[in-house]
Each structure stands twice: as structure tokens, then as C-alpha cells.
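Enquirer: Provided below are the primary sequence and the corresponding predicted coordinates.
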Amino acid sequence: MNINTPKGRQPNRQPWPLDRLIRERAIALGNTLDASTLRTYTSALTSYLTFVRAYNLPISPSEDTLSFYVVYMSHHISPRSVSTYLSGIVQQLEPFYPAIREIRHSKLVQRTLQGCTKTCALPTQRKKALPVSELPRIITHYYTSTPSHDDLLFLALLLTGFSSLLRLGEMVFPDNKNIRDWRKISRRQTVFISSEHYSFQLPFHKADRFFAGNEVLVTKKTRPNQPSPALSQLPLISRHTHAITFTPVAKVRWGSPNALILHSSLPSFLWG
């Protein structure tokens, strides 16, 4: 079949060798899932393989196998988590069993999961809420004696997270080094501080499909006649969320992370 080349100017792009195309595609496919999501999905696949081996069932998924798996796992973990496990199993096994997604959404599997959600559901357990009235007491506690750099950094993270509704995972590094991603760390060069507000750029997260990031803005008043608890400690925020240059233990560059603990490393979950 002969196709006439359409008229139009194209940049002179040199073709890549085939092995580079294969390598670049592999890199792109490897970045499809976030590292933390991939870790969860791998754990789900491990639990599925353990289940089918324990009952001498074929690895090849079927409606019966998945529905039995749902019943079994719902008596050990929350049925909501079982639904997430099924998503991971589908993602991991789909290259080998293309029909697994259709099996996952079959009526038998769906109704089994729905029934287990009703019969095996666990009550939601929430942490105690941190009221605004507690913040002055926390600030006073850290200022009763000479606070260390890490104490002030913890206070800056607490006030910033409280005022901007940030999750802990958006301010610190995971404890597991295998799922740490430097692309998610806010940089000092994105911070802006004025007398009325301060802001910084929160890079992409796994739910950000366009990887555009978000600008976090903390204003002087969160409600009418109610000053922001973070803005009331603006000198503290300036020193430990923006500059970090007051710490003598680290040579911090302009593109460095916003927060460093005393030993020149990023704070993690366990540190907080």
C-alpha cells in the first residue's frame, strides 16, 4: 500500500536504535505505578499465590477462585482491603491472564465481596482529633526550655500541616527506603513568605495523573477573626520551613528539600 507523504515541515529527528526504543519503553512502563502502590500490589499477589497453593487450586484465575479468596481474606483483614488486594492481583496477573479483569468484575465476585463487606466489616478506628485549642499548649511546651533544631522543625511541620490540611506522608519521607521518591519532596526554591501568607509547591503524588503538583497556601486567617496558628509562628516557619540555613550542620543548596533534621537527613514517619 502506497501512502503519499502529507505536506508539512517536520523537525529533523534522528531515529533511535531499536534497543534504545525497547529500553525507553521499559522505563516508561516501570513508572506506570507509584513505588508504594507497586509494593502493595506485590503483597496482594503474594497472598493470592499463598491461598491457591494452600488449597491446591490452579493459579489461573476463575470466578470460583477469586470468590473463595474474597471469603477467606475477609475473615482475616478488612473487606475494604480485600477490594484493594483484588485490584493488585488483577494488575499483576493481567499480562499472563488477560481475562482476569472481566472475572474480577463478574457478578459472583462482586456479590461475594458485597456480602463479606456486610458480614465481616470492622468498625472504623480514628485517631483522636487535634483541636485548635491544643496548639498554643504544644507551642508553649516546646518553648519552656531552649528548643533544639529538631524540636522547632517538628513544630513547624505540625503547624504547617495543620493549617494546610496536609497528610503526614506529604511532609516527611517513608520509613521504607525502597519506596522513597525524591520527586515528591518540596524544594526551598518554591517557598514564598510574606506578612500575610506563605506558600510552597507540593510536587506530584500518585493520585496526580498529570504530575502538575499543587501550590500549598497558608493565609493569615483561616476563618473570620481567627488567625492561622502557623502564621502566628511565622518567624519559626521562616527559619525551619523555608531557609534551613540557620542550622550549622548542613550545607544546604537552593534546590534542597524544605526540611532537614539535625543530622542533615529528611524527617521520616518514625522521626515524627
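Expert: Yes, it's here.
Enquirer: how much space separates the closest residue in space to residue 93 that isn't next to it in sequence from residue 31?
Expert: Counting by CB to CB, 6 or more residues apart in numbering, the nearest residue to residue 93 once its immediate chain neighbours are dropped is residue 100, at 5.2 Å. C-betas here are computed from N, CA, C, even on glycine. Distance of residue 100 to residue 31, computed by CB to CB, to the nearest Å: 23 Å.
Enquirer: show me where the stretch 101-250 of the chain has strands.
Expert: Per DSSP state E, counting those that start in this stretch, the stretch 101-250 of the chain carries strands over the ranges 192-193, 197-202, 214-219, 221-223, 226-227.
Enquirer: identify whichever of those strands lies nearest to residue 165.
Expert: Evaluated over the strands of the stretch 101-250 of the chain, closeness to residue 165 peaks at strand 214-219, with 9.1 Å, by CB to CB.
Enquirer: which other helices and strands contact the closest one?
Expert: Other helices and strands packing on strand 214-219, by 3 or more CB pairs under 8 Å, 6 or more residues apart in numbering; DSSP states H and E, are helix 149-164, strand 197-202.
Enquirer: name the residues of that strand that come out as buried.
Expert: In terms of neighbour count (16 or more other CB atoms under 10 Å), strand 214-219 has its buried residues at 216, 218.
Enquirer: just to revisit the earlier point, tabulate the strands of the stretch 101-250 of the chain (a markdown table), appending distance to residue 23 and mean pLDDT.
Expert: Below are the strands of the stretch 101-250 of the chain laid out as a markdown table (distance: least, CB to CB, whole Å; pLDDT from 0 to 100):
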| stretch | distance to residue 23 | mean pLDDT |
| --- | --- | --- |
| strand 192-193 | 40 | 80 |
| strand 197-202 | 31 | 80 |
| strand 214-219 | 32 | 80 |
| strand 221-223 | 49 | 55 |
| strand 226-227 | 54 | 50 |
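Enquirer: need these in CSV (columns: distance to residue 19).
Expert: Written out in CSV, the entries for these read as follows (distance: least, CB to CB, whole Å):
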stretch, distance to residue 19
strand 192-193, 45
strand 197-202, 37
strand 214-219, 38
strand 221-223, 55
strand 226-227, 60
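Enquirer: quick one: which of those strands is nearest residue 177?
Expert: Between residue 177 and the strands of the stretch 101-250 of the chain, the tightest spacing by CB to CB is seen for strand 197-202, at 21.6 Å.
Enquirer: which of the residues in that closest one are buried?
Expert: Burial within strand 197-202, assessed by neighbour count using 16+ other CB under 10 Å, is assigned to 197-200, 202.
Enquirer: tell me which of those residues is nearest to residue 105?
Expert: The shortest distance between residue 105 and any of the buried residues of strand 197-202, using CB to CB, involves residue 202 and amounts to 34.0 Å.
Enquirer: gap between that closest one and residue 80?
Expert: Counting by CB to CB, the separation of residue 202 from residue 80 is 27 Å.
Enquirer: deepest-packed of the helices and strands packed on strand 214-219, please.
Expert: Per residue and on average, the most neighbours among the helices and strands packed on strand 214-219 fall to helix 149-164, with a mean of 21 (mean count of other CB atoms under 10 Å).
Enquirer: please, where are all the helices along this structure?
Expert: With DSSP state H, the ranges of helices along the chain come out as 18-30, 35-54, 63-74, 79-93, 100-104, 107-119, 134-143, 149-164, 234-237.
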